[in-house]
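S.K.: Next comes the sequence, and after it the predicted model I'd like to discuss.
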Amino acid sequence: VQLQASGGGLVQAGGSLRLSCAASGFTFDDSAIGWFRQAPGKEREGLSCINNSAGSTYYTDAVKGRFTISSDNAKNTVYLQMNSLKPEDTAVYYCAVNYGSSCLTYDYWGQGTQVTVSS
């Protein structure tokens, strides 16, 4: 199983980034992919999840309206479009998979990508 998160970088407050999570080694169409982040000194925070079977999406209140999760099943890739970024969005962002399409628990975690938002 592989989950490769990419697309992080340095952006000014108010800017946008799109993260990608490229997946392989499991049945993508039956899975759920979640995005998480962890800032220095803070606990890991769940942000969003997409059920690739049903197409349903979920967001935490902290990112609702600013972040959009989407999935390209043909490319086995999930995206997180992040708009109106704030300095408090600075963190390492991770994607994770549930093989059975639940957004409640996760079976495998990928390596993260750093997002830094300057003020």
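M.R.: In hand now; what should we look at? Nothing here was measured: the structure is a model prediction, and the numbers come from that model.
S.K.: ok, the closest residue to residue 17 other than its chain neighbours - how many residues close by?
M.R.: Nearest non-adjacent residue to residue 17, counting by Cβ to Cβ, 6 or more residues apart in numbering: residue 82, 5.0 Å away. Yep, even glycine has a C-beta here, placed from its N, CA and C like the rest. Neighbours of residue 82 under the rule other Cβ atoms under 10 Å: 26.
S.K.: now the one 3 residues further on
M.R.: Burial of residue 85 is recorded as 21 neighbouring residues (other Cβ under 10 Å).
S.K.: residue boundaries of the strands in this protein?
M.R.: 2-6, 9-12, 17-24, 32-38, 45-51, 57-59, 67-72, 77-82, 91-98, 108-109, 113-118 (DSSP state E).
S.K.: Now render those as JSON lines, adding mean pLDDT.
M.R.: What follows is these, written out as JSON lines (pLDDT from 0 to 100):
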{"stretch": "strand 2-6", "mean pLDDT": "97"}
{"stretch": "strand 9-12", "mean pLDDT": "98"}
{"stretch": "strand 17-24", "mean pLDDT": "98"}
{"stretch": "strand 32-38", "mean pLDDT": "98"}
{"stretch": "strand 45-51", "mean pLDDT": "97"}
{"stretch": "strand 57-59", "mean pLDDT": "97"}
{"stretch": "strand 67-72", "mean pLDDT": "97"}
{"stretch": "strand 77-82", "mean pLDDT": "98"}
{"stretch": "strand 91-98", "mean pLDDT": "98"}
{"stretch": "strand 108-109", "mean pLDDT": "97"}
{"stretch": "strand 113-118", "mean pLDDT": "98"}
